[in-house]
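Undergrad: model this:
(chains A and B)
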Amino acid sequence: MRADLTPELAPELAAELGLKQSEYEHVVEILGRTPTVTELYMYSLMWSEHCSYKHSKKALRTFPTEGEHVLQGPGENAGVIGVGDGWAVAFKMESHNHPSAIEPYQGAATGVGGIIRDIFTMGARPIASLDSLRFGPLEEPRQRYLFEGAVAGIGGYGNCIGVPTVGGEVYFEEAYAGNCLINAMSIGLLREERLTRAVAAGPGNLLLLIGSTTGRDGIGGASVLASQEFDERAEEKRPSVQVGDPFEEKLLIEACLDLLDGELLVGLGDLGAAGLTSSASEMASRGGVGLDIDVTRVPQREEAMKPFEIMVSESQERMLAVVEPAKLAEAQAVCEKWGLRSTVIGKVTDTGRFVVREGDEVVADMPAATLASDAPEYDPPAERPAYLDEVQAFDVRAVDFGSPAWEPRSLLLSLLASPNICSRRWIWEQYDHQVMLNTMVLPGSDAAVLRIGEPGRGEVTTRGIAVSSDCNGRYCYLEPYLGAQIAFAEAARNVACAGGRPAAITDCLNFGNPEKPEVFWTFREAVRGLADACRVFGVPVISGNVSFYNESFGQPIYPTPTVGLVGLVGNIDRVATASFKDEGDVIVLIGETRFDLGGSEALKLAEGVVAGLPPTLDLQRERDVHETVIELTEMGLLKSAHDCSEGGLAIALAESCITGGIGARVRLAGSMRPVAELFSESQSRIVVSCAPENVMIVTALADRHRVPFALLGTVEGDTLAFEDLFDVPVSELAAAWEPVLERLVGGQVSTEEMAEG
Amino acid sequence: MRFGVVVFPGSNCEQDVVHALRYLGQEADYVWHGDTDLSAYDAIILPGGFSYGDYIRCGAVARFSPVMAEVVRFAESGRPVAGICNGFQILAEAHLLPGALLRNEGLKFICKTVPLRVEESVCQWMDHEPGTVVRVPVNHNEGNFICDAETLGRLNANGQVVVRYCEPDGSLLPGSAPNGALDNIAGICNERGNVFGLMPHPERVTDPATGGTDGGAFFTGIVKRLEEVGG
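TA: Model prediction:
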C-alpha cells in the first residue's frame, strides 16, 4: 500500500479539494488511517455536492416517486416509465451550466453527450433531446457569444449522433448574465424487458472499459466547476471543461445497444462526472460487491498520468461494462466491429472493497459502498430572503395603464418582438429535429410529439409521447413555491395541448449557493411546490438533477426548477398543433382570465420591473382544463390548441395566427381593462379552435369538467382583429415576431472574436 | 426490387431510408460498410449522417471504406446508386459525381423544409415531371455545391442537374439556395443518369405520417425503369 501523504499534509490536500474538515475526519474514520492522494481525490469528488446531493437529498426525498407507469424511479442513470404494448421510455434532464459559461460550444455539446449516455446506459435507444437555456440579455456581446456557442454545440453534437432535438425553451434575463443555464433532457425508447441497470455483480466478472482513451481533461469538473461559484478567475477554469467527440458517442450507442441485444453484459454504466470513480463505485454500491482496478490497464492519451488523474478524469465518451469471462471475446468483437477500443481494467470481487492499483502497488483501498453511500447529508439553515417583501409589495394595480407604454397595439408588437417570446426558429433550424422519422409535431408548437416505434425496424405504432420542458424563473424569483408549481403546470399544459396525459417528470433544479440560508430557502420552497403539484396531478418524479452554486460575483440566478414532463398520447393522428387552420373555425378560450400582471413580460416591457406576485394557481382547476382539452383531442374535435403563458391571451392568439398564416376576429369580455385581458398571464388557460358544428360539444365538455370558457371569435381573414380595440395584419405580427433572434445575434460580433477576447 | 442501404460508422439516416423504401413497397436491407458483396441488390443508397464524424472533410474517410470499391464498380456497370446528404458528399469524394459540397454560406447547420424545382434531366431515379415544385427537408452543414465553370456548363448542357432550390412558385432567384449552392443546385446525376446525389432528404417526406409525400417520387422512377427493363 502506497502511503503518499503524511497526517499533516493530508488535511491540507483535503481542504484544497473542497472537503470540509468534518468530511475529512469521516474519511479517516472510515479508513482507520491517513488516506492516500488517490483516495482523497476519489472521496472529494464523490462527496462533492454535484455527485452526492449532500445539501439537497433530504428535500428531494419529499418528491412522490411512484406511480402506475413507473418501471424505474430515481437512483439510476435515468428514470423509466411504461408507455403501453411493452414499450418503455427512459428520460432524464441534467445541467451543464458551469462548463457552458466558460466554453459554451463544448459545455453544451458535452451536456448533451452526457445525458444521452445516461439514456442508453438504461438499454434505451435515445430518440429525442430537449434543451432549456437561460442567458443574459442579447444586447451584451458576451451573451450573444454564449447563446450562439451553446446552440451550435447542442446542434453539433445532437445532429452528428442522429438524435433529433425536438424542443426546449430559452429565456434572456439579467439574472443569468454571469451564469447561463444549459439543461439538457434526453429521452430514450426501449422494450420493457431490455431495461438495464448500472449494477456490478458476480465476483470474478470483468470490468470492461469501452470507448475513448483517458486524458487529463475535465479533472475535478464536478468539484471545481459544478460545486463552486464563479468569480473573476472563471476563465482559469477552462481546462476543467471536457471536449466532446460525438462520432465516438454514436459508435458507443450502437455498440452498447448491440451488446445488450446479444445479452453479453451483466451491467453497464457511463462515465460522467468524477469519471471512473463515480461510475465504478456506484455500480459496486448497487451490487454490494467490491472492485479491483489497475490504472495501468486504462488506455491513456497523455503521458505520465497519476493514478488519481486516471480515476477522476472526465474524458468523454467512455462506458464501463461488467462482463462474464466466458462472454468477453464476443463482447470485445462487438466493440471492434464498431471500431471501439475495449479494455479489461479490473474485476468484480467479493471483498466489498474498492481497490485501485498501479501495477502491483495498491494506491487506494476503501470500502466500496462508502464512496457512493456514506457522503454526508446536510440540513442547511434556511431563511426567507429579505428581497421577497420588497418585490412582492409592488402594487401592479397602481401602475399607470394610461401611459403610452401600455398602448395595447404597440405593446402587443413589442411583446412579440421580446426575446423571451419571439420565434425560436433561428434556434431549431440549427438542430436536426426530424431524423428517426418519429417527430410528429415539429418544434414551434406547445409540446413535441414523438411516435412510439422504430420505423427502421419495421415497428410503427399510433401511440405517442408528448414532451415539454418549462420554467418561468421570474415567477420563481417572486414566489418560489408558486413559481415551481407554475413550472409544472405549464409543462403539463403544453403536453395537454398535444393531447398528452402527464405520466412522469424529470427536473433540473438550478439554484445559487445552498450554503446561503436565503438561497436554500428558495430551493426548499421550490421543491415543496413541485412536490405538491406532482401530488395533485398524481405524477411522479422519476429522475432529475440539482445544480447549485449558480452564482457569479455573489449574485445568484433566479431560482430555476426546470420541469421536463412526458405525457402519453393515445392516438398521434388526432394531435392538434398551435396554429389556426381554417377560415370560419370558432375560437374558444378554455379557462378564465384574471388580473395577473405581476411578474409578467408586459410589466417588464412597459415598466421595466420584475415585481409583484406571480399569477395565482388552482392546481385542481389546472388539471380540469387539461382534461377537457385532452378529451377533446382524443375525440378528434380540435383544430388547434395553444396555451396562454408569457404575454398572455393576445400573444397566444397572435402566435396561432402567425404560424397558421391566417387571421382571427376576437371579442374580449370587457370585464377588465383591455391590457389586463390581453396580457395577463393567468394560468390554466388554453386557446382552442374547432369547426363551428363542434362548438357545442367543446363547451359542453368544459361544462362537464366545471371549467369556465369563453367564445372568443372566429378564424378569418388575414388580420388579427380585437373588436372595438385595434387590429393588426398577420404579416405585421409575423414581421415583429419572426426575425428577432437572428437580428439580435446576427453579425454584430463573431464567435471567434469573443473566444479570442 | 431490392435496395441496399449502406451503413458507415456514423451514418444516421439509414433507418429512415429503409423505412421510406419499405413504405413504398420495396425491399430494403442494411449493408455494412465492411461488406464487399453487392450482388443481392438492384440499387444502392448511401444515406445521410456523419460518416466518420465528418472528420477531415465530409465523406473523405468513408470513400475508403471497403464497400466503396464495390459501389464504384456497381455504378460503373450502369446500375443505380444514390447518395443523400452525407451520401452525396461521399459520392463526390469518390469522384462518382463532379463538384464538392462546401460549408453552408451562413456557416450554420440548416434543418428546414425547402421548395425544390425538378429539372429536365437524364436522372433515372426521378418520377416527378420536370417543372414540378416539391417540398423536401434539408439537414446539413456542408451543402454548398460548387464546381468549376466548365463542369457547370457540362452539367447544365447534359441535363445532369436534377433538382434546384427555388422560390415557392418555382422561380429561381440568386438567394433561393439556403446554403449558397452554385446555380441553386440541390442534386445532380452523372451523364448516364444512374448515379444520383442530392442534399435534401426525400426519405423524410415519403410516409405521410412524417409530414409530406413529395419524397416518394425520388425513389419510384428507378423502380419503374428497372421493372420495365426486367420485363
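
Undergrad: Kindly report the residues of the stretch 251-400 of chain A close to chain B.
TA: A:251, A:338, A:339 (CB under 8 Å from any CB of the partner chain). For the C-beta atoms, the positions are set from N, CA and C on the backbone; glycine is no exception.

Undergrad: Which one (most neighbours) among these?
TA: Neighbour counts for these (other CB atoms under 10 Å in any protein chain shown) peak at residue A:251, which has 23 neighbours.

Undergrad: Next, the residues that contact the helix or strand encompassing residue A:11 from outside, please.
TA: Using DSSP states H and E, residue A:11 sits within helix A:9-16. Applying CB atoms under 8 Å, 6 or more residues apart in numbering or on different chains, the external contacts of helix A:9-16 come out as A:5, A:21, A:23, A:24, A:27, A:28, A:34, A:35, A:37, A:40, A:44.

Undergrad: switch the cut-off to 6 Å
TA: Helix A:9-16 is contacted by residues A:24, A:34, A:35, A:40 when judged by CB atoms under 6 Å, 6 or more residues apart in numbering or on different chains.

Undergrad: where in chain B is pLDDT low?
TA: B:230-231 (pLDDT under 70).

Undergrad: hey, which helix is longest across it?
TA: helix B:217-230 (DSSP state H).

Undergrad: what comes up buried for the helix holding residue A:11?
TA: Neighbour-count burial for helix A:9-16 flags A:10, A:11, A:13, A:14 (criterion: 16 or more other CB atoms under 10 Å in any protein chain shown).

Undergrad: and what of stretch A:572-583?
TA: A:572, A:574, A:575, A:576, A:577, A:578, A:579, A:580, A:581.

Undergrad: Tell me the spacing between the second one and residue A:440.
TA: Between residue A:574 and residue A:440 the distance is 11 Å, computed by CB to CB, to the nearest Å.

Undergrad: Could you do residue A:670 as well?
TA: For residue A:670, the distance to residue A:440 equals 39 Å [CB to CB].

Undergrad: if you count what's nearby, which of those two comes out ahead?
TA: The neighbour count for residue A:670 versus residue A:440, taken as other CB under 10 Å, is higher for residue A:440 (22 against 11).

Undergrad: helix or strand for the more buried one, which one?
TA: strand A:439-441.

Undergrad: need the next SSE after that strand, C-terminal direction.
TA: Next along from strand A:439-441, by DSSP H and E: strand A:448-454.

Undergrad: helices and strands around the helix or strand just after that following strand, which ones?
TA: Next helix or strand after strand A:448-454 toward the C-terminus (DSSP H and E): strand A:459-470. Counting contacts by 3 or more CB pairs under 6 Å, 6 or more residues apart in numbering or on different chains; DSSP states H and E, strand A:459-470 packs against strand A:448-454, helix A:480-497, strand A:560-569.

Undergrad: what's the closest of the ones you listed to residue A:504?
TA: strand A:560-569 (5.9 Å; CB to CB).

Undergrad: Next, the closest residue to residue A:266 other than its chain neighbours: phi, psi?
TA: In space, and not counting its chain neighbours, residue A:266 is closest to residue A:322: 4.1 Å by CB to CB, 6 or more residues apart in numbering or on different chains. Main-chain dihedrals, residue A:322, degrees, to the nearest 10: phi -110, psi 120.

Undergrad: Also the one 3 residues further on?
TA: Backbone torsions of residue A:325, given as degrees, to the nearest 10, read phi -50, psi -40.

Undergrad: Tell me who's in contact with it.
TA: So residue A:325 contacts residue A:206 (CB under 6 Å, 6+ apart).

Undergrad: Shouldn't residue A:68 be within a helix?
TA: No: counting by DSSP: H, G, I helix; E, B strand; the rest coil, residue A:68 is not found in a helix; it is coil.

Undergrad: Count the neighbours of it for me.
TA: 9.

Undergrad: neighbours around the nearest residue to residue A:370 once chain neighbours are set aside, how many?
TA: Nearest-residue entry for residue A:370: residue A:30, 5.2 Å, with adjacent residues in sequence omitted and distances by CB to CB, 6+ apart. Close neighbours of residue A:30, defined as other CB under 10 Å, add up to 16.
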